[in-house]
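In: following is a predicted model, sequence given first.
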Amino acid sequence: MSDMLCVQDVTKRFKDKTAVDQVSFSVQKGEIAAILGPNGAGKSTIISMILGLLQPTAGTVQIFQQPPQNRKVREKTGVMLQDVNLMPGTKARELLNLVRHYYPAPLSMKTLSDLTGLSSKDLQTRTEKLSGGQKRRLGFALALSGDPELLILDEPSAGIDVTSRKRFWETIGYMAEQGKTVMFSTHYLQEAEEAAERILLFHHGKLAADGPPEAIKKRVVKQAVTFRVRADVSFSHWEGFSFIQSVRRRQDRIYIETSDTDRTLELLFEEETGAYDIQVENGKLEAAFEQLTSAERGAVL
Amino acid sequence: MIMVRLQCKAEILKILRNPYFVFWSLVMPIVFYFIFTRIVNANAPDEKLWQAHYLMSMTTFSVMGSAMMTLGLRMVQERTQGWSTFMKVTPLPDSIYFLAQMTAQTMIHLFSIIVIFIAGMLINGVSLAPQEWIMCGFWILLGSAPFLAIGTLVGAMQKVETAAGVTNILYLLLALAGGLWMPLEMLPDMMQAVGKWLPSYSLGNGAWEIIRGNFPEGKNVVILLTYFVLFMLLSKYVRRKQEAV
Ligand SMILES: Nc1ncnc2c1ncn2[C@@H]1O[C@H](COP(=O)(O)OP(=O)(O)OP(=O)(O)O)[C@@H](O)[C@H]1O
Ligand SMILES: [Mg+2]
């Protein structure tokens, strides 16, 4: 199958800061891919390069086998940027209608307002008077207006309430059913997991992991039980338990990586290990990102 | 093309809905006109001529202002607020976007000219021969090109506040020193000498000549053209430099 989107060895440096570091991946038609990463991971930067808004320092980006600036590409791509910005002094309806006409086969106004939940009152309002959430809805409607084959959305769910968010993901699901390709960025693992069938995990500008949500989740959300114990107590046989992934000793602390902290604690007391200063670490995403990428670095060395 | 037409329409609506435009380009010139022809006595030897003269001054003042401010500030605003970024990811070609903006701006100028001319007829019963009205209108419309170029230069500025501050000062200075508020002859000698070389004076002077039954001076045309080329090149240069990121 031909690649819908192909990113090859892309690097972006701002002065001395490397925002995106040698990233390569490709997205196939019909895929829903999430770019997951904490603040400053490089999500918006990679998206800007995919859209041809930023020129990569090195590497190439191709959409539909063409450079992103190509008009044919623009006609088939719908975009929602991180900061939704609208033309001031224009009513929502006028703006949406205007942008629809930029595309050869736009969706109808009715379809657009149904898909995004823009009310007719919202549509009569001037863009600068819309609320933050309404602006984002209009931004989403603009992204959909040309009935795009590829949707690229930078943090689409930020700043909208629960109902709108639900509707938004339903619409994304609907687009997927229509065979559209969707790529969106998010901070939230849960969101990526629920909506996407593939996660591209970014950290410090690098593509730290790429795979289906289950696999990523296993790698990212690590729970651990750590404690101190007398030096002569051995834990090596624990690695045989299914809910324990690894046992490591660092100086006088033991680190047990586990998928079930409760059972690990039970075990700890059952065996009368004499463990003290016990801490349970419940896999914060930030921390997990750190861990994951430092592990990657370790693997390279 | 429907795309161009819709884009123009949106741009025009956008300008008309901007309270700054309405205030600076329509209300102010008309109020000034009223004050300096009806309330303050200018002691002009030929009152009818003064009324027509000052009408041209105020029309020039209005068009010059909206060319610099409306266009320039909107460009800054659209860039800082990210609308221009969004426009880049749509299939609308830059050229059509630019063309629509310029066309809209010209239509707006034409609209301002007509409104202010009508205000002159209503306030003072200014009467000129039809070809004089038309020539004056066209002269001011075409002669606004250097100010549009200044507008695109202003449009390259980073912050709306700075851009607004700079253009306001530039606007008022050009208007005052160019003899649009009061005839150049009433200003100190030194200012007169400088004023004669300003684009604002040249634009106004062309219209003042027309209402006196003459044609705009060749010098006016040359000065306006020179400024136009100069500011276009400058604006191109600045933009090229910014895009190099
Ligand atoms: N124009 C720029 N000049 C200099 N540095 C930049 C620029 N744009 C981004 N950066 C830096 O590049 C890094 C990645 O930024 P980016 O906006 O891509 O992050 P992000 O993953 O989108 O973050 P967020 O979740 O906060 O939106 C950041 O450290 C940022 O400071
Ligand atoms: Mg971002």
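Out: That came in fine, so what should we check first? Ligands and ions are numbered 1, 2, ... in the order given.

In: quick one: low-confidence ranges for chain B?
Out: Within chain B, the ranges that satisfy pLDDT under 70 run B:42, B:244-245.

In: which strands or helices does the longest helix along it pack on?
Out: Longest helix in chain B by number of residues (criterion: DSSP state H): helix B:94-124. On a contact count with 3 or more C-beta pairs under 8 Å, 6 or more residues apart in numbering or on different chains; DSSP states H and E, helix B:94-124 meets helix B:2-16, helix B:28-34, helix B:47-65, helix B:130-143, helix B:145-154. (Each C-beta comes from the backbone N, C-alpha and C, glycine too.)

In: ok, for A:E94, nearest residue in space, not its chain neighbours?
Out: Here the nearest residue to A:E94 in space, its sequence neighbours aside, is B:A10; by C-beta to C-beta, 6 or more residues apart in numbering or on different chains that works out to 6.0 Å.

In: list the contacts of that neighbour.
Out: Taking C-beta atoms under 8 Å, 6 or more residues apart in numbering or on different chains as the criterion, B:A10 is in contact with A:M87, A:T90, A:E94, A:L95, A:L98.

In: same thing with B:S62?
Out: Contacts of B:S62 were listed using C-beta under 8 Å, 6+ apart, and they are B:W24, B:S25, B:L26, B:M28, B:P29, B:S112, B:I113, B:I116.

In: what residue in chain B comes nearest to ligand 2?
Out: Nearest residue of chain B to ligand 2: B:G82, at 12.9 Å (C-beta to the ion).

In: does that residue really touch A:M87, like I thought?
Out: No - B:G82 is beyond contact range of A:M87, at 10.5 Å (criterion: C-beta atoms under 8 Å).

In: show me which of those two is the more surrounded one.
Out: A:M87 (23 against 15; other C-beta atoms under 10 Å in any protein chain shown).

In: the nearest residue to that one once chain neighbours are set aside: how many residues sit nearby?
Out: Excluding its sequence neighbours, the residue lying closest to A:M87 (C-beta to C-beta, 6+ apart) is B:W83, at 5.1 Å. Neighbour count for B:W83, taken as other C-beta under 10 Å: 18.

In: quick one: contacts for the closest residue to B:K14 other than its chain neighbours?
Out: Excluding its sequence neighbours, the residue lying closest to B:K14 (C-beta to C-beta, 6+ apart) is A:G89, at 3.8 Å. Going by C-beta under 8 Å, 6+ apart, A:G89 touches A:R126, A:T127, A:E128, B:L13, B:K14, B:I15, B:R17, B:N18.

In: the residue nearest to A:M87 against A:N85, yeah?
Out: Yes - assessed by C-beta under 8 Å, B:W83 is found in contact with A:N85 at 5.0 Å.

In: flag the shaky bits of the stretch 151-300 of chain A, pLDDT-wise.
Out: Scanning the stretch 151-300 of chain A with the threshold set as pLDDT under 70 gives A:218-222, A:282-300.

In: need the strands for it, in chain order.
Out: For the stretch 151-300 of chain A, the strands defined by DSSP state E, counting those that start in this stretch cover A:181-186, A:198-203, A:206-211, A:223-228, A:244-250, A:253-258, A:276-282.

In: the residue nearest to B:K14: what secondary structure?
Out: Following DSSP: H, G, I helix; E, B strand; the rest coil, we place A:G89 in the coil state.

In: A:R136: how many residues sit nearby?
Out: Neighbours of A:R136 under the rule other C-beta under 10 Å: 23.

In: fine by me, thanks again.
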